[in-house]
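Asker: this one's sequence-less:
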């Protein structure tokens, strides 16, 4: 069974796609109307999305569709979440050095990250500039400004 719910922040929206009770992916987009919370975590997710900013916040523990990523990608995403807190950034090269891999490999994981926000790939920058971001560089800049990282 597939369920989709959308939660809105004044500067963006996050669409959560659930499949068989697991979070399959999160899509980020320009602001769009919110939908009612459907999942057991919906009310909490709506609150977190509305309140994203520089103040500390905690995501609820969500069941992820981990089969959507390789073991290597999972290691990279977990390392990113543990080592780059809100309000800070890293580079593809720094994260690669920490994990003993290449910046290009890190970039590929970031480009395929099914759970942006939970695994904050917007905090990974190029050595010179923002680098890339699937939902668009404007949204990457918005998220970084919300966290007061830039």
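Answerer: Yep, it's here. Predicted model only: the values in this text are computed from it and were never measured. Residues are numbered from 1 along each chain as shown.

Asker: contacts, neighbours, all on C-alpha from now
Answerer: Fine.

Asker: which stretches of this protein form helices?
Answerer: 42-51, 71-83, 92-99, 103-111, 137-146 (DSSP state H).

Asker: can you put those helices in JSON lines and add distance to residue 65?
Answerer: Formatted as JSON lines, the helices of the chain follow (distance: least, CA to CA, whole Å):
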{"stretch": "helix 42-51", "distance to residue 65": "17"}
{"stretch": "helix 71-83", "distance to residue 65": "11"}
{"stretch": "helix 92-99", "distance to residue 65": "23"}
{"stretch": "helix 103-111", "distance to residue 65": "16"}
{"stretch": "helix 137-146", "distance to residue 65": "24"}
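
Asker: I'd like these as a markdown table, with mean pLDDT, mean neighbour count and distance to residue 120 appended.
Answerer: Written out in a markdown table, the entries for these read as follows (pLDDT from 0 to 100; neighbours: other CA atoms under 10 Å; distance: least, CA to CA, whole Å):
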| stretch | mean pLDDT | mean neighbour count | distance to residue 120 |
| --- | --- | --- | --- |
| helix 42-51 | 94 | 17 | 14 |
| helix 71-83 | 97 | 16 | 7 |
| helix 92-99 | 97 | 17 | 13 |
| helix 103-111 | 97 | 18 | 9 |
| helix 137-146 | 95 | 17 | 9 |
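
Asker: of the ones you listed, which is nearest residue 123?
Answerer: With CA to CA, the closest approach to residue 123 among the helices of the chain belongs to helix 137-146: 6.9 Å.

Asker: now the angle from the closest one to helix 42-51?
Answerer: Using axes from the mean of the first three to the mean of the last three CA atoms, to 10 degrees, the interaxial angle of helix 137-146 with respect to helix 42-51 works out to 90 degrees.

Asker: just give me the neighbour total for residue 63.
Answerer: One way to gauge burial is a neighbour count; for residue 63, by other CA atoms under 10 Å, it gives 12.
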